[in-house]
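Asker: The sequence isn't on hand, but the structure is:
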């Protein structure tokens with residue numbers, strides 16, 4: 001009798017947190033993500049949700065700053081710890097997204113490996129409006145811990161597999177909003193090696209999820 005492992009769904013930003021955590025913190029992070037996922041009465045991973053939604057609106061707004069300031073004011077009025085984080089992330093977002101750029105509606109994307117499904121829900125489609133008609137598929141990262149190129153490369157490799165389906169011709173980018181840093185996968189990066197590493201990480205995550213209490 002074959003026992004099929006249950007399908008595990010996590011978000012793209014939660015996957016990035018796992019990748020960036022390093023091996024010592026990864027297991028405890030998976031256990032916490034599992035507890036949140038399995039508790040229907042506990043909203044999961046919503047701390048930056050309002051800001052991520054505001055980024056999408058701001059791309060096509062005549063007043064980007066005003067659009068972001070409104071969501072910052074909402075958390076500031078409540079005395080929320082997120083106010084300073086939102087402010088830093090908004091400043092970084094505004095400084096690196098070209099003023100002439102506009103937003104393009106994009107759908108969610110799912111990356112799969114065996115029973116793990118990683119769902120990228122917070123992607124931004126950006127049209128730069130330059131001579132080359134450059135388009136970006138952007139995943140915004142807003143956490144306090146600075147992102148590294150190594151961590152970003154893992155997610156960028158995954159994004160390359162679905163970028164043309166979500167936004168044809170777009171270049172995947174991970175944006176560390178609080179450091180105003182755009183991460184791109186180098187043209188000479190060894191994608192075959194990265195792919196093996198990414199799939200190994202996915203299998204490790206699924207195994208840690210199964211073992212977590």
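Answerer: Perfect, thanks for sending it. Predicted model, so just to flag it, every value in this text is computed and none were measured.
Asker: so how far is the worst-scoring helix or strand of the chain on mean pLDDT from its chain's centroid?
Answerer: One helix or strand of the chain scores below all others by mean pLDDT, DSSP states H and E: helix 23-38, with a mean of 83. In terms of CA atoms, centre = their mean, to the nearest Å, the centre of helix 23-38 is set 17 Å apart from its chain centre.
Asker: what's that helix packed up against?
Answerer: Judged by 3 or more CB pairs under 8 Å, 6 or more residues apart in numbering; DSSP states H and E, helix 23-38 is in contact with strand 8-11, helix 12-21, helix 191-211. In this view, the C-beta of every residue, glycine as well, is placed from N, C-alpha and C.
Asker: Now tabulate these in a markdown table and tack on distance to residue 84 and mean pLDDT.
Answerer: A markdown table is the format used below for the helices and strands packed on helix 23-38 (distance: least, CB to CB, whole Å; pLDDT from 0 to 100):
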| stretch | distance to residue 84 | mean pLDDT |
| --- | --- | --- |
| strand 8-11 | 24 | 91 |
| helix 12-21 | 19 | 93 |
| helix 191-211 | 31 | 94 |
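Asker: which stretch among the ones you listed comes nearest residue 148?
Answerer: Distances from residue 148 to each of the helices and strands packed on helix 23-38 were compared using CB to CB; the shortest belongs to helix 12-21, at 7.1 Å.
Asker: quick one on the thing from earlier: deepest of the helices and strands packed on helix 23-38, which one?
Answerer: Most buried of the helices and strands packed on helix 23-38 by mean neighbour count (mean count of other CB atoms under 10 Å) is helix 12-21; its value is a mean of 21.
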